[in-house]
Each structure stands twice: as structure tokens, then as C-alpha cells.
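> Sequence plus the predicted model coming up.
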Amino acid sequence: MAVHLKKRAYEEFGHVIQEAPKLKLRKLRISKPSSSEPATLSAVSEDIQLDLEGQPSHVVLQILLKFSKQLPVSADHAQQICDILLKHFHSEKNTAVRAKIAWLLRRLSSTLGFHPLQTADKIIILMDAEVSGKVLAQLWSAALSIALRLTQEKSLHQKLVTMACSGLTDHHQEVRCCCLNVIGNLATNKNTSKLPSEKRWDQVNVHTLVADYFADPEPRVRSASLRALILMHQRGQRLELNVYEQSCAALNDDHEVVRLTAVELVWILSHVYPESLVKAPCSDEKIRLVDDAFAKICNLFNDSSYKVRAEAARLLGSMHLVSDSFLFQTLDKKLMSDLRRKKSLNEQAKEGFVEEFSSGAKWADDAVPREQNPDTTTLMNSGACGAFVHGLEDEMMEVRTAAVDSLTELASQRSNSSFAQAALDFLVDCLNDEIEAVRLNAVNSLHMIVEHVTLLEDQLDNVHSAMEDSSGDIRAGIHQLLSSCRLMSKSCLYDTVMMLLKNLNKYPQDRHSVWKTQQRLGKHHSELVYLLVPQLLSCHPFFDTSEPEMDDPSYISILILVFNAAESCPQMIQLFPEHVLRHYQYLRDSIPELVPQDIQLTTNTSGVDFCIQSPPHQSDSNNDPASFLQQTLARVRDLKSHETSTQRILLERTIHDLRHTVEIAPSLSSTAQCSADFLQAQLLLLKAVDKKSWSGSAQICCQHIAFAKPAADQIIQLTLELEHLYLGLSDEEVAMIRQLRIKAQALLFVLQLQELTAGKQSQPQQDNARLTSLCKKFFRMVEGLQIFLNDRSLTPDSFARTLFNELLKLSPQKHSLIIKFLQPLLSHYSASEVDFNNKVQRSSVVVQQPQPRFDAPITFSAGLAACVHVEATLLNVVNPVSEIRIRVMYPDMSCQLFELHSYDVKQLSPFRHQIKSKIYLSHTQWSDSCVIKLSFVKIHNKLVVLQNCQKESATNHENGQLQLCKPVSLTIHPKPAIRV
Amino acid sequence: MPDIRVVPLGAGQDVGRSCILVTLGGKNIMLDCGMHMGFHDERRFPYFNYITGGNGRLTEHIDCVIISHFHLDHCGALPYMSEMVGYDGPIYMTHPTKAICPILLEDYRKITVDRKGEENFFTSQMIKDCMKKVVPVNLHQTVHVDDELQIKAYYAGHVLGAAMFYMKVGTESVLYTGDYNMTPDRHLGAAWVDKCRPSLLITESTYATTIRDSKRCRERDFLKKVHERVENGGKVLIPVFALGRAQELCILLESYWERMNLKVPIYFSTGLTNKATEYYKLFITWTNQKIKNTFVERNMFDFKHIKGFNRSYIENPGPMVVFATPGMLHGGLSLEIFKKWCTNEKNMIIMPGYCVAGTVGNKILSGMRKIELKPGQIVEIKMQVQYMSFSAHADAKGIMQLIRMCEPENVMLVHGEAAKMEFLKSKINKELHLPCFKPANGETVVITTNPPISAVASVKLLHKHREVTGITPNPKRIKTIHGTVIIKGNNMQLVDSNDAIHELKLKKHELRFTSTVHIPNIHRPTSVAMNQLHGHLKKNLRSHNISINSEENILIDSVLLKAQSPAEEKTDQEGMDVLVSWSMQDEELGTYIMDLLRTGFQTRTT
């Protein structure tokens, strides 16, 4: 019940929060002078009423302009003002004033809480009498905005549409545009209209009627009519097929904006009626509509406006239903024989087809070809051939990017890979583009289709050369590409490996990415690697070559390749020289994520089979680490039933086991470590509140204090880590952790109180004040916890409940009472069981760059800054920019925090971020090389943590930072300042 | 009928020595004034005597001269024409052309006079004097040459400052493309023209039978070949013209060298190239998107890897890449280097563009392995010869694309080879259905145009028309107006026919069409039949005023329907004859009613 009540209270609270912005809104309005007080507003409207009568037009216009700045007004006044305006409209001669009135009507009708149906009717009456085009256009847009507000008034919509259909014949272009807009927004398929003045004897459909205006003399009307049909389509009205031909004609319009709209309409129609048959241009053949539309959109790659070209390129990508022959034609500038039809249907002529044009690649290749059969007709405008070839080498990068995207989409959704294979050449060529964004786009696009196809040798060459690109993103993209592609031959693989090594040499920062690529390459191409083993490992049949250095990144990268290949192709193990076997053991342990763990390595160098044992934990793999974890945790399940001493032993063992689990089972390490930390904190608390030592002799007491204080600190640290470094903790679990922390804090508090009361004699006044402030601080913490629990409607445990109920009633001045209250409470503490579910994930950071190097210090001139590149992978962090900082600790123990920028962070997958950042170090005082420590920290809200009075050193939890990784030590060496 | 006359003095079914005379609305315009690379006698210049008849100056014959770009085959004869033949009128060219053109002319003069020792050639002073007559124009700027003639320049790609020129006199217009390129390259954009719908399009057709592969393919091939040669320790010679392709290839090689981290030296014959590259740095607005966008950080024409060439480097050992002028190996440094290197099979020559017949370049590309470089001295060529079409001319597809872009009424092909032109001509006829011409040098083409004739329509007539057709004409229909055209001198008026009769004091005659329709399935008394007919027509012709008068005649506007009294012997026969009569003004309605009576009524009654 209590929970229920709390919930309701919480809900009400939430409701209040929702109200808050509304209040703000009102405030904003108040700040507006006009609408702040109704009195002034009515005065304003009265002014209008008074002034409009008999005023000359220019004065009225001024008044209206002034009024328009005071918008919006309240709903009551809107009605009033509308009436005044409508009244004045009739008598006004000046068109500008009437137009302004119409504009005001539109604005007023959108006033909140004002029901403008009547106004709409009046506007419709006004429209009948109006002659000026400008005013009429304004009236139309006013009527439309009212109609759009009143979605339920079907009869109004119907009326407006009918009026708009007849209004289309107005001479003023703006009126026609507005009418078309009205039709587009309101008309339905059922709307038909017949114009009495028209000499058309058939019933006119709205679509046909609108389509007639595709050929309007005014370009704005043309685009408005196209737009109207698009609007109708977007409103879910099915478009008529017969507008297709007319919209295709609009593709050749003189005006860019018309073409831009027309291409969209044609594209829509191709999706609505893909399979309908239409007449092919200049022939009697019928072809599918989607093909025809595709060819026509392709033709727009020749358009003079780059916006149209980009739009065409963008739209092509989603025309998945197009036939193969049309699709392939986009990759060849010359018309292919598939799309030529002989009128005589003589198929033989097709076979004897000779290329008409030369490619220009050879000198004197362009001799005039023999006369072609003049009867050939084409199913496609020859200008549309090779659309993508044109698009990919377009002048504007916008078009090129759109073309790359579309080509990729078309290639990747085809069921057979032949188009992807054909398109590959062109995409690979885009790796040579002069603009980096296009290159990057090409890399990513290649990655998408490369799963369908095989890279040929010359294409691979291009891919390789892109690896020398100075942009890291492109290189990373290429690595990704190589790791997922299939290679043709042994030489391809060899070249790739060599290029990767070259890349590694040139850009050592790519090490990780290159190794990963090698791993995948090895996995995918084990057969090819087998053929290359002697070459790669530079074995000699007779001579022992010198053993390569183990730390060489390129050698490691070769080994990664070979080992991963060996996993699925064990026969190659015979070829390994002895040192490789030794290195395997080393690598298996040092980079376990890149090297397979269980290769049976045998060699016969010594004549006997010499088998290298796999590590022990692999051999008993039948023992599932998950069940082991369960068993371990089960031990502490009924902890409370044991005696305190047993509890301790049990806890100690369990913690030990859990720590072991962290090492052996990476997938469970987060859970295990989380549990271990929690148990550790409990164990520490158990020891610290030990009744015997607490109430023992003075000496024991002293010893106890010496132990308990750091223990309390450690518990606080552990619980902070538990709370902030793990993702997936439920509220209950967080509450448990926080309640454990409050115990540690209570302990610390009691100890400090005791200390201070013991030494009270010296400066009673001062100490009293300190004591009181300490108490207040602790009270605040307790209150904080109470709010936390209440917010989430969680039940506090007995300790916390007692604190809430009893302690908060006490006055902070009564120190002794508080001690007496807390001490026994604490000593009754017993550990509780733990059961973190396996969803828990620990946040962590893997620093790839910089690596600790003592031999090559970073040098910089004193007074100037030195730049350090930082590269790291963040795991299980929700919002890196706001939560993560880079901390540098200088030798004088001073710390500096560096924020990350949003462009430093790249999300690889959910909860996995790549950080590439630079930090600038500077210091003026040094003259000698020294070590700085760089680490990643997570910042959390600075909690009110009881400070340990004696030790005010740099414990992390004080400044709200939690370390995420081991600090990297860097040597930096300042160069002496040059004195001139 | 007005006509446009075109005479090519050069570049008619030929490449080089571009010079086309256009007579447009009585104005004589000379388009380009180039020289021919293949000749060293008087044939290298256009035959200006054709204009002057051998005496007098050109000024009185020609209204203006337009130079499309700075290549010598388009401007090489300029000082000769203006200073030696004599021309004082305006010469139009774009700003970059004006800046670079004198450098090239001076270089050309030096080679011809100082090195070959020719006499009777133009001097430096003449070049300067000639350039003083130049009026620079901006892109899309309309320049009024005189009251009637106006010209406008469009971007043409090809080389820096290349332009297409649109000339207009009255309603007739000509678009001259010069050389242009429809595919953008590493430093220039593609040619662009709006739908100017000229009466005549004069387009170059160098690559009339070629449709090129993708540009990237060519670039890749080029880089691969150069890289391969250089890695094998060979020398690569690339003959280029000082400006244009040279800069593109430089940018290409420069960025490749940078990407591949190559150390092999690249040289560019110094002198005018340095000067010219300066101009490329200046005229950034004429380059492509990438260079325009990045020049603030780094001007792409500031080359890092490309250094100036010194004649002494020819003998240097080791690999190198050399760009040398001129591009067709017809003399100068490129020929000199070629002579030194051609005997080593390790070396390679890459011809990146077109070579005119008669040049050494053309010979080696045609596969000749033994060439007489000097009289009596035959050299065997062992070096690799490669052709790379980097020439920035539009290919057949580009030409067709340009024609589609500007929608001309006639097309004329120049600057190409006759046979290839013929092929393209047939394509244009077939696909675009446009008349196409390809005159030879000296051949006059006369193109008759159909200029629109404008007439002043009286307001009264228009009002009347509006009343008749309603205020709401279907915009799709062709609108016809009945009226009378009165021509007085040069003015044309369209007036109502009554007014015309009044004005001309003529007597009015009415023309009526009368026809009899037999309606078979009516055999009631005439009056009933007519009433039935009246009802039927009313249903079908709602927008018209239909009335039936006392004599049982139906009047539909001015159309009269009258029942024919049947002949005696036919009274018992079914049906009735109806006389339909309408005036000429109501032709449309009359015909419609005739159709209606023939078909509609039968189906209605049965």
C-alpha cells in the first residue's frame, strides 16, 4: 500500500514537471508587450476599428503592418479582429491593403483555440467577388491553412477543391499555384470536376486536370502542378497512370525547378505502376514503365543543373525493379545491343552487331565504321547510356556521392552478383577521386558489395594504392574492405599482405587495424596462405635463416596471418620453422584476441614429434566457466546462516575464486569482477565493524582505527566503482550498493566523531563546530539516499531504515547521542548475499596509442606545447563525450583533465566507441626528462563524500573521477628554452 | 527569307588553323584566327585574301573577331591578321585567354624567327599592338558589339579561359563552341550552356567517332604506365602544350607522387610554363570545384614535386619524367629530347593528345619506327610509344549532349576529319532529327532561318476572343484567333475582320457551308423530329446557346439546322434530311455538329 501511495505521489510529482514548460510559455508571452494585458490588446483592436473607417488606404496599410507585428493575439480577439477585417475588406479599393488583410486573416485563423470555420466561409464569399490576382492568391492560402487546420470538415474541403478546380483557369500565376496547392493538399481521387466552359466532353479527373497544367506557360505553375500530384501521392491518393507521359514531358522543361519536381513525380509513378507497359520512345515496342522511367531519369545525368543531376542520381538507387539490360546500360556509354531493336525483328542482325564508336584508348582506332543498318531503333535515348559512368565522373561532388550511393544500393540488392561485379570497377576507380569525402564514400560502398563479388587483380591494385592515403578513415575503411573480401589468387594475397606491411611501416598507428585485417585474411584464405608460407616466413630449404625479432610489428602481423590460416589448414604446421612455434606460445598469451588458442603444433625438426601443450585451462574445457561462477556464487547465497568467522572465510575464498574467473572467462569477467568487488567491500566492512576489536582495549582500539579508516575508504571507492563503471545494474542493485556505501560512510563518520570527541579538550569551540558540520554532512548523505530510494520506490534495508526513521530525528548538535546510536547499529552488520545477473558489463578503455615508451621520449621546447595522439577503444560507455576525460598526471602530482570533442569519438557499435584525440602538454619548469601518466577516467557527479580529515591527498573519489584503465607512462623531455 | 552564311577559312573538315567567317544579320564575324601546325609556308595561316580580295584591310569587311581560347590553332594568326593584313576592330576573348595568349604567341614567334630563322613574320611589337585591340569579356556577360550584334561567353572546359560564344542579331543567333570538353578533369569543369536555342550551332568534332571510357580509367592507365617505366629506371617524355593538358597532368602526377611517396624527379620545361602556371594560380574561379574549394589552404598549382627543366638534364642518368613543349613533337624542346631518348627501349613517350597529320607525333603514333628527323638522317625509334587520350575535346557523346543542351535549329561540324564528320552527321540526323552541315574550307553554307513574325493584336480582338472561348482556356490547347492581318510597311497588325473591312473600305462577304445530313431513323412529323433533335443537341452541347424558332429551325449560335422537306417519292421512307448551314467562323462547331448528327442520334434513338 505504501508503495502504491508513493507511486501516486511520484506520478503527481511527474505531472508537475510536465506543467513546468507551460508556465514558462506563459512567461514568454508576458514578455511581449502587446499581448501581455488584454486591456492594451482591446485598445489596439479598437484602434483598428476606429481608424479603418474612412481612412485612406496607405494609413490603413500602416495600421495593418503595425498590427501584424503584434501577432499572435488571443482567440477572443482573433474573432473580433477577423470580423473587423472582413468588414473592411469589402469597402477597400487598394489591392495591397486587401492582400494584407487576406494575409492577416490567414495568420489570425491559426490562432490557438480559435475555430475559423465561419471565417473560411466568409473568405470563400470574398473569393467569388475578388478580381485582383494577388489578393486572390492570399485568400486561397488563407482558405487552405484553415482547411488544413480543420481536418474533419470534409464538406469545406470538397467545396474548396471544387472551387480550386475552376479557379485554375485564373490568369494570375500565383492564383493558379495556390489552387494547385489546395488541390494537392485536399483533393481525393473521388473528386471529379467538369468545367462548363471547357469544350471537353469527358469527365475530368482531378489528376488529369492537374496534369494539364504541366504545360502551363508559367514555370512556377508547372512546378506547383507537379508538386500537387506529389502531395496527393504523399497523402495516400493513388495517382492515375495517364499522367505519366505528361510528367515525362516535364523532364525536358526549361526550368530547373520544374525538372527537379518532375523527376520526383516520375520516380513516384515508377514505384506505383512498375509493370505497366508504355510505348518506348521512337518505336512501337512496349516496355515496362519502370524501365522507361529509369532510362529517362538516367538521361537527366546530362542535365545542365547539378541539382537535377544529384537528385536523379539519388533517386536511381531505389528503383530496384528495373530490368537487367537497362541497369547494365548505365555502366556503358555506348548503347548496348540489348536495347536496340530491329524493326524487322531480325534477330540475326543483332549477332552481327559491330561497335559503332571507338573507345579512344588506341591511336587511330577511331576510323569511320561501316554504315549501320539504318532501320535500327533504340529503346532508350542514347544520352542516357552510361548514366553512372557520367555520374561518377561528374564535376560536382554532390552528384558523385549520390551516384556512388545509388550504384551501391542497386548492386547490393540484386539477387545475382553480376551487376555488382560490373559496378565494382567503377567504384574501385572512385578510390582515386580528388575529394576525400567521395573516396571515403566509395570505400564504404565497396565494403557493402564486396561480399557478393571477387576482387580482380587490377582492382586490387587500386584498393592497395588507396591504403597509402593519408586519411586514417580511408585506410581503416580499406582494411575493413580487405578483411571481408575474397581474393582471387595467391599473388593477390601476397600483394595484399605486402601492402599491409608497407602500410604498417608508413603509418605505425594502424597497427591494430592491420593485425585485425591479417587475422581475417588468414581465416578466409587458409588455402592461399598455405601456398605462401615459405615465402611469408622466409624459410629456406637448406639454411637456417636468422630468427626474426619478436617485437617487430610486421613479423607479428605475418604470424597472425599464418596462425589464423593454420587453424583451418593444419597441414601447413609442418612447414613452420622452430622459432615460429615458440613465438606462437608467446603470441597466444600476449594477444589472445588475434591468435587462435588451440592449434596443435607439431614439428619434426628434432626427428621426434614434439608437441606443444596447450594451456591447461583449455584441456578441461568441459568445465563450463559459467557453471563454475554459479557454483561459486551459490556458496555465499546463504551467508547469513553462518557465523561471522565462517562468513569471512567463505567470503575470502569466494572472492579468490571469482577473481580467478575474471582471468579465465572473458565473457563472464564483468559479472565475476562485479560480484567479487561487492563481496570484497562486504568483507572489509565485516572486519571493520568487528565487535571485539571495536569495544576492546585502547591499544586494540587504536589498531582497529588504523585498519578501519582505510578500509572504509576502500569500501567507498569500491562501491563508487560498482555504481558507475558497470552498465546494466538494476535499480535494486544500485540501491544495495549505495546502502553498503552509507554503512562505510557511517563507519568513517563514527570514527571521526570519536577521534574529535577524544581530542576535544584542546579547542572545544572549534571542534564543536567541526563536529556539527560533520554531522550535517552525514545527514545530508542519508537524506540523499532516502530520496534516491523513494524516487525509485525501493524498500531500504534495516540499517538504512533505522537511519531514516531514527537518526534524522536527532539534532546534529548531539554528537554523543549519534555515536551511541550508530555504533551498535554498525556492529550488528552482517553480509548480504549477492546475485548480479549476467547482463552486467564493465566499462573499460583499451589504450592503443600512446604506448609506454621509455627509450623515445616526447620532446618539446619549454613554454611550447607538445602534442600527443591518443587512440583508444571505449567499451560499455553510454556517452563518451560527457562522461570520459583523459587525465594526465604530472610528476609533481598535479592533474590535468582533457575533454573529448564530439569529432574525436566514433561509434563502432553500440557501447563501443573509438577515440582519436590529441592532447597538448605544456610545462615551463622542467629541465629533465620525466614520466607523466596518462589515463582515462570516468567522471560522475561529485558526491558529498565524507572526507577523511587526515588524508586529504588525491584519492580519486573526492574529485568525482574513476579510473578506467591502467595509466600509461610516457617519458617527456623538455628541450631547454633557447635564449637569444 | 533571312539567312546565315558560314565560310570556314580553316578548320573546315580539318583540324588546325581554325578560322570561320559568319555572316549573321548582315554582320560579319570572324570566329578564331588560328595557325596550322603541320605547315611551315603561307598555308599555316588562313587565307585572308578570300575576304579582302588581295587588297585593302580587313577592318571594313569584318565587324568583330572572337577568339575562343589561347591554343595557337585558334589564335596563332592573330597578330598576322591584325597587324600585317590589317584589322582595327574589336577582338573579343576572355580574361585568361587575354593573359596567356601573348605568352604563347611570343614563344611561337621565337621558335619560328629566332630558331628557324624565318623572315617576314610578325614581331613582338606586333603582338603587343594586337593585344591592345582585345576587349576582354566575362562569362555570361552580354557584350553589345554594336546596336544590333550582341555576344555572350559560356564556360567551355578544355583549357583555362576557353569559352563558347553565343552571337545574336535580332532573332537569329549562332553558338560557336570553339574547343570544349564535356567531362570535367582534374583542374577544369565541364562545358556548360543554357537552353539558348540558337539558329545555328557550330561545334568542333575532333572526336566525332569516339566515345571515351571513363576518365578515371584513363588516369589509372596513365599513372600505372609512368610508374612502371620509372621503376624500371626508364625516362618518360610527355610532350604537351605549355598550357592546358600540361597542368592537368601535372596535378595528376603531383598528387600521385605524393600519395605513392615517389622520389623520381619530374621536370617541366621552364620558361613560359612558369609564367603560365602563375596565371592558373590567379584564375582560380575558372577551375573546378575541388581546386576552388581548397585553394585557400593550398593552391593546387603550387607544385611540390615538379621542378623546372634545364637542357643539361637531358643527358642525366637515371629515371625521370619530363613534360616538354610542344605537344605534337613538331619542334622545340620536346623534339630535341625525343631525338636523344628515342633509341633506348627502356624509355617511353606518352602522347597525351591529338597530333595533326604531318607532325612527328602523328608519324610515331601511326606506327612508323624509322623517321627522317633531319634531311638524310633516319632514326630508328626503339622507345615505347603510348597514346593516351587526355585531349580535352568532347567525344561524340559529349557533342550530342551539348546539342541536346542548347537545342539548336541547325548544326554545323568543323574542326575534325571529313569522314568522321560524315558519320557523326548521320547520327545527328537520325537521333536528333536536325539538319547538319560540314563545309570544307572555302565552301559557303547558307542556312535559311524561319524567324518568328510578330504582329500587334488589337485589344478589342483579344477581348472578343476571350469572350468566345471563355476566360478559361485549357492551357494545353493551341489557341486560334480569327482575325485579319494587315501589313503596313514593316508593321503587322492583327485586327478583327470587321475592323479590317471598315478600315480598308471593303464590302463584306459571308461564307457559309451548307450540307445535308440524312438521319435515317426518324419518321415522325417534322416538328416532333426537330424537337427531339433539339433536345438531343442541348444535351450534348451544354455550353452553347441552342434555340428553336417558330419555323422549326434550330439555331446553335450561328449554325442553322433546317428540316428538309422530303421529296415526294421518299415520304414513306424512314428518316429525314436535315440541312446544316454554318458560317466560316463557326467551322469547328459546325463540323462537330455534323459528326454528332451522323453518329450520335442513331445510337440515342435505337
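Everything's here; your move. Numbering: from 1, shown residues only, chains lettered A, B, ... in the order given.
> who touches B:Ile453 in this structure?
The neighbours of B:Ile453, taking C-beta atoms under 8 Å, 6 or more residues apart in numbering or on different chains as the test, are B:Met492. Using the backbone N, CA and C atoms, a C-beta is placed for each residue, glycine as well.
> Could you look up the SS state of the residue of the stretch 751-900 of chain A found nearest chain B?
Among the residues of the stretch 751-900 of chain A, A:Cys867 lies closest to chain B, at 19.5 Å counting by C-beta to the nearest C-beta. Put simply, A:Cys867 is strand when judged by DSSP: H, G, I helix; E, B strand; the rest coil.
> How many neighbouring residues does it have?
Residues lying near A:Cys867 (other C-beta atoms under 10 Å in any protein chain shown) number 10.
> For B:Glu422, give its distance to chain A.
Look at B:Glu422 and chain A: by C-beta to the nearest C-beta, to the nearest Å, they are 7 Å apart.
> where's that residue, which helix or strand?
Using DSSP states H and E, the element containing B:Glu422 is helix B:418-427.
> I'd say A:Leu144 and A:Gly184 touch.
No: applying C-beta atoms under 8 Å, one finds A:Leu144 not in contact with A:Gly184, separated by 9.7 Å.
> Please compare those two by neighbour count and tell me which comes out ahead.
Between A:Leu144 and A:Gly184, counted using other C-beta under 10 Å, the more crowded position is A:Gly184 (25 against 22).
> tell me which element the nearest residue to the more buried one once chain neighbours are set aside is part of?
Ranked by C-beta to C-beta, 6 or more residues apart in numbering or on different chains and with sequence neighbours excluded, the top spatial neighbour of A:Gly184 is A:Ala228, at 3.1 Å. Using DSSP H and E, A:Ala228 maps to helix A:219-234.
> For that helix, give me every contacting residue.
Helix A:219-234 is contacted by residues A:173-174, A:176-177, A:180-181, A:183-185, A:187, A:206-207, A:210-216, A:239, A:243, A:247, A:250, A:253-255, A:257-258, A:260-262, A:264-265, A:268, A:272 when judged by C-beta under 8 Å, 6+ apart.
> State the number of residues packed around the residue nearest to A:Gly184.
By other C-beta under 10 Å, the residues close to A:Ala228 number 27.
> Same question for stretch A:631-641: list its buried residues.
For stretch A:631-641, a neighbour-count test (16 or more other C-beta atoms under 10 Å in any protein chain shown) marks A:632-633, A:636, A:639 as buried.
> any idea what B:His544 is structurally, helix, strand or coil?
Per three-state DSSP, B:His544 ends up coil.
> So B:Phe122 sits against B:Tyr80, correct?
Yes: with contact defined as C-beta under 8 Å, B:Phe122 reaches B:Tyr80; the gap is 5.4 Å.
> Nearest spatial neighbour of B:Tyr166, chain-adjacent residues omitted?
Leaving aside its sequence neighbours, B:Tyr166 sits nearest to B:Lys152 (C-beta to C-beta, 6+ apart; 4.5 Å).
> A:Leu962 pairs with what?
Bridge pairing for A:Leu962 (DSSP bridges) gives the partners A:Lys938.
> pretty sure B:Leu494 is in a strand, no?
Yes: looking at B:Leu494 with three-state DSSP, it is inside a strand.
> Look up the closest residue to it, ignoring the ones flanking it.
In space, and not counting its chain neighbours, B:Leu494 is closest to B:Ala457: 4.2 Å by C-beta to C-beta, 6+ apart.
> Over to that neighbour: give its phi and psi.
Here is the backbone geometry of B:Ala457 (degrees, to the nearest 10): phi -100, psi 140.
> What of B:His144?
For B:His144, the backbone dihedrals are phi -90, psi 110 (criterion: degrees, to the nearest 10).
> Just the pLDDT at it, thanks.
The model reports B:His144 with a pLDDT of 94.
> Would you check that it makes contact with B:Gln150?
Yes: B:His144 lies in contact with B:Gln150 (C-beta under 8 Å); the separation is 5.0 Å.
> Neighbour count: those two, which is higher?
Shown here are B:His144 and B:Gln150; by other C-beta under 10 Å, B:Gln150 has more neighbours (15 against 9).
> wait, is the more buried one part of a strand?
Yes: assignment of B:Gln150 by three-state DSSP places it within a strand.
> which residues does it bridge with?
Under the criterion used (DSSP bridges), B:Gln150 bridges to B:His144, B:Lys168.
> hmm, back to that, residues in contact with the residue of the stretch 751-900 of chain A closest to chain B?
With C-beta under 8 Å, 6+ apart, A:Cys867 has these contacts: A:918-921.
> Looking at those residues, spot the one nearest A:Arg741.
A:Arg741 lies nearest to A:Ile919 out of the contacts of A:Cys867, by C-beta to C-beta, at 32.5 Å.
> Export the helix or strand where that closest one lies to PDB, keeping only CA atoms.
With elements taken from DSSP H and E, the one containing A:Ile919 is strand A:912-921. Presented in PDB, the C-alpha positions along strand A:912-921 are these (Å, rounded to 0.1, in the frame of the first residue of the first chain):
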ATOM      1  CA  ARG A 912      31.800   0.600 -28.400                       C
ATOM      2  CA  HIS A 913      33.500   3.800 -29.300                       C
ATOM      3  CA  GLN A 914      36.700   4.600 -31.000                       C
ATOM      4  CA  ILE A 915      38.500   7.700 -29.600                       C
ATOM      5  CA  LYS A 916      41.100   9.500 -31.700                       C
ATOM      6  CA  SER A 917      42.100  12.700 -30.000                       C
ATOM      7  CA  LYS A 918      45.100  14.900 -29.400                       C
ATOM      8  CA  ILE A 919      46.200  16.300 -26.100                       C
ATOM      9  CA  TYR A 920      48.600  19.200 -25.700                       C
ATOM     10  CA  LEU A 921      51.100  19.000 -22.900                       C
END
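> Quick check, pLDDT for the closest residue to chain B within chain A.
Here chain A gets closest to chain B at one residue, A:Thr169, 3.0 Å apart by C-beta to the nearest C-beta. Reading off the confidence values, A:Thr169 has pLDDT 78.
> and A:Glu593, which of the three is it?
Using three-state DSSP, the three-state assignment for A:Glu593 comes out as coil.
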